[in-house]
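> Kindly generate the corresponding structure for this input.
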Amino acid sequence: MARPTLFYNAKIILKDTLTDGGVLVENGKIKAIIPTNELSYIHKYQGYTLIDVKQQYLSPGFIDIHIHGGGGYDFMDGTEEAFIQISKTHARFGTTSLVPTTLTTTTERLEETLRSYENAKQSLNGGANLLGIHLEGPYFAMSQRGAQDPRYIRNPNQDEYKALIANYKSIVRWSAAPELEGALAFGEYLVANDIIAAIAHTDAIYEDVEKAYQAGYKLMTHFYSAMSGVTRRHAFRYAGVVEAGYLIDDFDVELIADGVHLPDPLLKLVYKIKGPEKMVLITDAMRAAGTKDTKSILGSYDDGIEVLVEDGVAKLKDRTAFAGSVATADRLVRTMLGLGNIPLTEIIRMITLNPARVMKVEKEKGSIDIGKDADIIVFDDNINIQYTMVKGKMVYERQPE
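A predicted model of the protein is given here:
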C-alpha cells in the first residue's frame, strides 16, 4: 500500500472558487482538504509523502472525452501498446482520464480496437485512466465527412450496432448524424443500453435535431466542426445543427479549444450563450500530439490517411480540411484563458466536472471533493504540468530543466 500523500502550500481549485491549503490523499482517494492555518503543524504528518506545491495550482485532473491518439500512436492501431502509450503521453499534460475514440472504418477494425481496449484496460499501469470507448462513426453524412475516410461511411445498420453493443460492454458513447435513415432508432437503442448518443459529421437541419433530441441525443461532438449551420434550400432558410445546439438548452457541446479549430470570437460566443455548465473542452488529438512530427497518419498505420502537421494542427495533404488536433489538454486551458474574460475556475470545470458529468462518473471524478478518486494535477501560472496523480498514484513529475 502506497504511503499517504499530503499536497500543501497550494492554491486549490474547487468547483466554484479558489482556496489556499492542502489536500490529503489516502488509499487512492481524497481524504481531506486542509485549511492553511492547520498546515502550520506540518510535523503531524510525519510518515506521509509531503509535496510542497509552492503556491501553484492544485486541480482535479483533466478529463478528455474525445481523443484519438498521441505520442506517435493511434487507438486505431488496434494494439494494447497504443492504448498504454497514448495514456502515458497525455498524463504528462494533465489528463487523468480519457475516452479512447475510433474513426470511421470496417466492423472488423472496430472489433480489433475494442478487443485491444479490453486488454489494455487490464494491464494499464502508469497513465491516464480509461473510461470506455467512443465510436466516432461510421454513421455519418458524406457531405460533412471532414477527415473521416469516405470508403467506410454508411447509414446505421441494426445488425451491426446491436452485435457490437452486445459483445463489447466497453462502448460508452457513439457519435452519428441524426438525419440518416435509421439514426433515430439507433439513438433510442443507445440510450436504452446506457450509451451516450452524440451528434457529429452531420448536415441536419434544426427539425432533425429536435427529433434526435427526443430520441436521446444530448451531446454535440466537436461543436461547429463538420456540422451544418444556416442553409438555404429552394430560397428558404433553415437553421442547422449549430443553431439547434444553442436553442436546445439541454445540449452539452464539445469544443476543440486548441486555438485553431475555433477562433476566439466563436469560443466567446459559445461561452456567452451556453455558459460554463454546458461546455466540454476536448483535444480530439491524433497520433502527432505530444510529438514534434510534421507528417503523420490519421488512423491506423496500415489503413490510415497521410496528413501534414502545421500551424499547430493536423491537415489533409491538400489542406482542404483539418485532420484532427495535435493539442494536449493543458493547451486547451491556455487557449480559454487567453480569451481574457473567463475565470480559471470555470475553465477548469469545462475540462473536469463537465466531462465527468457527461460520462456519468461525476460521483468519483471531476472535482476536489472528499471521497472522490485522487486524480490530481499541479500546474503553474502558464499551465505547465508539475505533477499528475491518478487514483493516488503519481504517474508524472516534471523534472527540472
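
> Would you map the helices across the protein?
80-91, 107-123, 158-167, 183-192, 206-215, 241-247, 264-274, 329-338, 344-350, 353-358 (DSSP state H).

> and these, which one's lowest on average pLDDT?
Ranked by mean pLDDT, these bottom out at helix 107-123, with a mean of 91.

> how about the helices of the chain, which one is nearest V230?
Ranking the helices of the chain by proximity to V230 (CB to CB) places helix 241-247 first, at 6.7 Å. Using the backbone N, CA and C atoms, a C-beta is placed for each residue, glycine as well.

> and the closest one, what does it pack onto?
Applying 3 or more CB pairs under 8 Å, 6 or more residues apart in numbering; DSSP states H and E, we find helix 241-247 packed against helix 206-215, helix 264-274.

> Out of those, which is the most enclosed?
Ranked by mean neighbour count under mean count of other CB atoms under 10 Å, the helices and strands packed on helix 241-247 are led by helix 206-215, which reaches a mean of 19.

> Residues in contact with it: which ones?
With CB atoms under 8 Å, 6 or more residues apart in numbering as the test, helix 206-215 has contacts from 178-179, 183-185, 187-188, 191, 197, 199, 204, 217, 238-241, 243-245, 247-248, 250-251.

> Taking helix 183-192 as reference, get the angle to it.
For helix 206-215 against helix 183-192, the angle by axes from the mean of the first three to the mean of the last three CA atoms, to 10 degrees is 30 degrees.

> still on that earlier bit, with distance to V390 added, can I get the helices and strands packed on helix 241-247 in JSON lines?
Converted to JSON lines, these look like this (distance: least, CB to CB, whole Å):
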{"stretch": "helix 206-215", "distance to V390": "35"}
{"stretch": "helix 264-274", "distance to V390": "29"}
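
> Which of the ones you listed sits closest to A82?
helix 264-274 (30.8 Å).

> Not counting its neighbours along the chain, what's nearest P35?
G21 (4.9 Å; CB to CB, 6 or more residues apart in numbering).

> residues contacting that neighbour?
G21 neighbours (CB under 8 Å, 6+ apart): 8, 10, 12, 33-36, 38-39.

> quick revisit: for S59, find the nearest of the helices of the chain.
helix 344-350 (5.6 Å).

> where in the stretch 1-150 of the chain is pLDDT low?
1, 40-43 (pLDDT under 70).
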